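Q: Give me a model of this one.
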Amino acid sequence: MARGPDAPIVANATPWGRGAVAVVRLSGASLRPLLLQFCRPKGGFPPPRRARLTAFFDEDGLIDEGLLTFFPGPHSYTGEDVAELGCHGNPLIVERLLRAAQAAGARLAEPGEFTRRAVASGRLDLTRAEAVLQAIEASTPEGLVLAQAGLSGAVAELA
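A: Okay, here's the model as predicted:
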């Protein structure tokens with residue numbers, strides 16, 4: 001498993017628990033071959049930024065059927081190839097999907113690593129990176145307004 005700065009990473013992008021949908025996100029260089037080890041998109045690999053119905057597999061067989069959306073670098077959140085796998089929101093499915101991605105060569109992302117890669121690639125400045133955390137942790141409407149100001153670049157313009 002690669003450990004370099006652009007090595008493929010994977011993480012659950014939605015809150016842990018049961019729900020209708022969960023999203024597993026991957027980022028890294030040359031992500032397409034890794035995805036094709038455990039994703040079988042119906043009708044071929046999806047065009048950029050378009051969701052395609054996909055079957056997800058591991059060594060035990062079918063994990064789930066969901067959506068694969070591919071965002072090629074450098075025009076993605078991290079500046080690298082990024083994929084989002086939408087699946088049913090059962091933790092057992094998410095865990096199997098994470099393990100399948102790891103078996104294909106991705107490693108579990110560290111907390112904040114997707115945003116850290118976005119800063120390193122120049123896709124986000126530090127004020128916007130801080131605003132991502134503010135948007136996630138806001139507990140009041142005013143906190144959300146402040147986070148949106150940071151995300152939009154209004155805070156960076158004040159500096």
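
Q: Give me the most central residue, the chain.
A: R25 (2.5 Å; Cα atoms, centre = their mean).

Q: wait, isn't L35 in contact with S27?
A: No. Between L35 and S27 there is no contact under Cβ atoms under 8 Å: 11.6 Å. Every residue, glycine included, has its C-beta placed from N, CA and C.

Q: Comparing those two, which residue is more hemmed in?
A: Ranked by neighbour count (other Cβ atoms under 10 Å), L35 and S27 place S27 first, with 28 against 24.

Q: for the chain, what spans make up the strands?
A: 9-12, 19-28, 39-41, 51-58, 61-71, 81-89, 107-108 (DSSP state E).

Q: Next, format those as a markdown table and append distance to T140 and mean pLDDT.
A: Compiled in a markdown table, the strands of the chain are given as follows (distance: least, Cβ to Cβ, whole Å; pLDDT from 0 to 100):
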| stretch | distance to T140 | mean pLDDT |
| --- | --- | --- |
| strand 9-12 | 26 | 98 |
| strand 19-28 | 24 | 97 |
| strand 39-41 | 40 | 98 |
| strand 51-58 | 33 | 98 |
| strand 61-71 | 32 | 98 |
| strand 81-89 | 27 | 98 |
| strand 107-108 | 32 | 97 |
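
Q: How about the contacts made by L85?
A: L85 sits next to 23-26, 39, 54, 56, 66-68, 97 when contact means Cβ atoms under 8 Å, 6 or more residues apart in numbering.

Q: how does it look with 10 Å?
A: Applying Cβ atoms under 10 Å, 6 or more residues apart in numbering to L85 gives the contacts 10, 13, 22-26, 35, 38-39, 54, 56, 63-64, 66-69, 94, 97-98, 100-101.
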